[in-house]
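Asker: For reference, the sequence and a predicted model appear below.
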Amino acid sequence: MTRSETAHVRVQGLQPVQVVAGLVGLVYLVGGIVGLVRTGFSGYTANGQQVVLVFTVNPLHNTVNVVVGLLGVLMAFNSGLARAYGWILFVGWGLVSVWGLMLTGVISGNAAASWGNPLNLNAADNWLHIISALLGLLIAIIPARKVVQVTVTAPSADSGATSSEIPQQSRRGTGWHRRGDTAH
């Protein structure tokens with residue numbers, strides 16, 4: 001009679017990456033909605049002096065914020081999608097940050113000058129986008145909480161056939177747990 005053991009690694013429960021992605025998405029969603037209330041939809045790419053807190057906005061900028069926020073809230077329901085959202089933030093806001101730094105003259109040789117400023121970016125927006133890109137990278141690489149479950153298949157006494165799998169031990173966080181034991 002032989003017994004076999006199998007180990008399965010599973011992501012368990014609500015992951016920190018999901019919480020962070022959801023919160024970032026919620027902040028962008030609320031900011032975009034507040035901005036749209038402030039600017040309306042006229043002058044979609046105008047460079048007026050509409051300000052929300054310290055950020056200059058226009059309807060296009062607010063629409064982008066609403067889309068980024070909705071993506072974050074929706075993608076936060078799955079840990080894999082939340083990580084993908086982190087990469088979207090990192091790449092997207094990273095590119096917008098470089099573009100904004102060229103527009104505000106921080107990076108010399110402004111190659112973006114001919115493209116104009118359809119998002120109505122200012123220095124405060126640049127800082128927000130740099131921080132958002134770094135936060136996106138953090139979301140993308142936050143480690144998942146995983147559980148290693150070892151199951152043992154024991155033979156039955158009467159027919160030599162195997163019985164159902166019985167969980168023997170699992171690893172949660174840093175402590176080992178055996179059936180009936182408490183966490184260390």
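Answerer: Right, received. Where do you want to start? Numbering: from 1, shown residues only.
Asker: measure Ala123 to Phe77 for me?
Answerer: Separation of Ala123 from Phe77 (Cβ to Cβ, to the nearest Å): 35 Å. For the C-beta atoms, the positions are set from N, CA and C on the backbone; glycine is no exception.
Asker: That should have said Tyr44, apologies.
Answerer: For Tyr44, the distance to Phe77 - Cβ to Cβ - is 31 Å.
Asker: can you check Val150 too?
Answerer: To Phe77, Val150 is 29 Å away according to Cβ to Cβ.
Asker: What of Val17?
Answerer: Applying Cβ to Cβ, the value for Val17 to Phe77 is 12 Å.
Asker: of the two, who's got more company?
Answerer: Ranked by neighbour count (other Cβ atoms under 10 Å), Val17 and Phe77 place Val17 first, with 26 against 12.
Asker: Run through the neighbouring helices and strands of the helix or strand hosting the more buried one.
Answerer: Val17 is part of helix 16-39 when elements are defined by DSSP states H and E. Judged by 3 or more Cβ pairs under 8 Å, 6 or more residues apart in numbering; DSSP states H and E, helix 16-39 is in contact with strand 51-52, helix 59-75, helix 79-103, helix 123-141.
Asker: Please name the residues that touch the residue nearest to Ile142 when sequence neighbours are not counted.
Answerer: Closest residue to Ile142 apart from its sequence neighbours, by Cβ to Cβ, 6 or more residues apart in numbering: Val17 at 4.5 Å. By Cβ atoms under 8 Å, 6 or more residues apart in numbering, the residues touching Val17 are Ser79, Ala82, Arg83, Gly86, Ile139, Ile142, Ala144.
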